[in-house]
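*Asks:* The sequence and its predicted three-dimensional model are supplied below.
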Amino acid sequence: MRRARALRRIRYNGATFLSFSAMNSRFTAIVAPLRDLLRYRDRPELFALLIYQAITTTGFTLLMPLVSVHFVADVGMAAATVGMALALRQISQQGLTFIGGMLADRYGLKPVLCTGLIIRAVGFFMLGYATAMPTFFTALLLTGLGGALFDAPFQAATVAHDAAAGAARVLSACQLFERYRSDHWAIAGDCVAFN
């Protein structure tokens with residue numbers, strides 16, 4: 001006998017979600033980041049920061065598999081060269097994040113965060129038109145540098161806007177979304193890349 005799936009409504013902080021009781025754990029895993037994001041909608045500054053993170057990380061995760069496939073299959077670069085360039089981007093972003101933090105302490109969070117976003121956008125624009133190896137490496141280096149500039153100010157702004165209510169809660173919501181993004185959207189990016 002098949003177990004009947006009862007549709008039920010779940011109310012959480014004013015938002016209504018639908019759930020099948022038989023698929024409740026899977027549904028909860030999918031909706032949990034959205035539910036945590038909606039928890040902060042009554043605080044516009046913090047909500048804007050979390051929406052910003054959702055958009056940038058989702059777009060980035062969907063784009064990276066396409067970059068590797070495009071430059072190997074369409075442009076004709078060696079897979080090792082593309083992998084080395086992507087590693088350079090990762091090292092430049094993770095290794096230079098402290099510079100973004102130092103600049104944010106000196107000049108403020110918003111100017112450094114916006115500058116990082118602009119540099120990253122320029123890098124992605126160059127990446128879209130890159131056909132030569134120096135342009136490709138420069139574009140990926142710019143995307144890594146832009147990420148290094150906006151990562152530390154984003155986390156500092158998130159903590160500053162939520163200092164009263166407990167910054168650990170918001171940062172854990174950010175980390176949960178990061179984990180969700182890396183688990184789910186990376187698979188979606190691979191599916192888009194190979195179709």
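*Replies:* Perfect, I can see it now.

*Asks:* what does the average pLDDT come to for the longest helix that the chain contains?
*Replies:* The residue-count maximum for a helix in the chain (DSSP state H) belongs to helix 133-161. For helix 133-161, mean pLDDT is 89.

*Asks:* Now for the closest residue to V72 other than its chain neighbours, how many residues are close by?
*Replies:* Nearest non-adjacent residue to V72, counting by Cβ to Cβ, 6 or more residues apart in numbering: A79, 5.1 Å away. For the C-beta atoms, the positions are set from N, CA and C on the backbone; glycine is no exception. Using other Cβ atoms under 10 Å, A79 has 11 neighbouring residues.

*Asks:* And the pLDDT at A79?
*Replies:* At A79, pLDDT is 91.

*Asks:* hang on, it packs against A73?
*Replies:* No: if you go by Cβ atoms under 8 Å, A79 and A73 don't touch, sitting 9.8 Å apart.

*Asks:* Does anything pack onto the longest helix of the chain? Which helices or strands?
*Replies:* helix 44-69, helix 79-95, helix 97-107, helix 109-129, helix 167-180 (3 or more Cβ pairs under 8 Å, 6 or more residues apart in numbering; DSSP states H and E).

*Asks:* In TSV, list those along with distance to L145.
*Replies:* Shown next, in TSV, are these (distance: least, Cβ to Cβ, whole Å):
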stretch	distance to L145
helix 44-69	14
helix 79-95	6
helix 97-107	9
helix 109-129	6
helix 167-180	20
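
*Asks:* now the protein, which segments are flagged as low pLDDT?
*Replies:* 1-42, 162-195 (pLDDT under 70).

*Asks:* Please repeat the previous calculation with a cut-off of 90.
*Replies:* The chain contains residues with pLDDT under 90 at 1-70, 73-74, 93-94, 109-110, 128, 150-195.

*Asks:* and the residue nearest to V72, how far is that from G144?
*Replies:* Per Cβ to Cβ, to the nearest Å, A79 is found 20 Å from G144.

*Asks:* Return the set of buried residues in stretch 140-159.
*Replies:* Across stretch 140-159, burial judged by 16 or more other Cβ atoms under 10 Å covers 140-158.

*Asks:* ugh, wrong one, stretch 45-62
*Replies:* Buried-residue list, stretch 45-62, by 16+ other Cβ under 10 Å: 46-47, 49-50, 52-54, 56-58, 60-62.

*Asks:* Repeat that for stretch 72-84.
*Replies:* Neighbour-count burial for stretch 72-84 flags V72, M77, V82 (criterion: 16+ other Cβ under 10 Å).

*Asks:* I'd assumed F71 was in contact with the last one.
*Replies:* Same thing as V82. Yes: at 4.9 Å, V82 counts as touching F71 under the criterion of Cβ under 8 Å.

*Asks:* From H161, how far off is M102?
*Replies:* According to Cβ to Cβ, M102 stands 21 Å off from H161.

*Asks:* Show me which of those two is the more surrounded one.
*Replies:* Between M102 and H161, counted using other Cβ under 10 Å, H161 has the larger neighbour count: 20 against 12.
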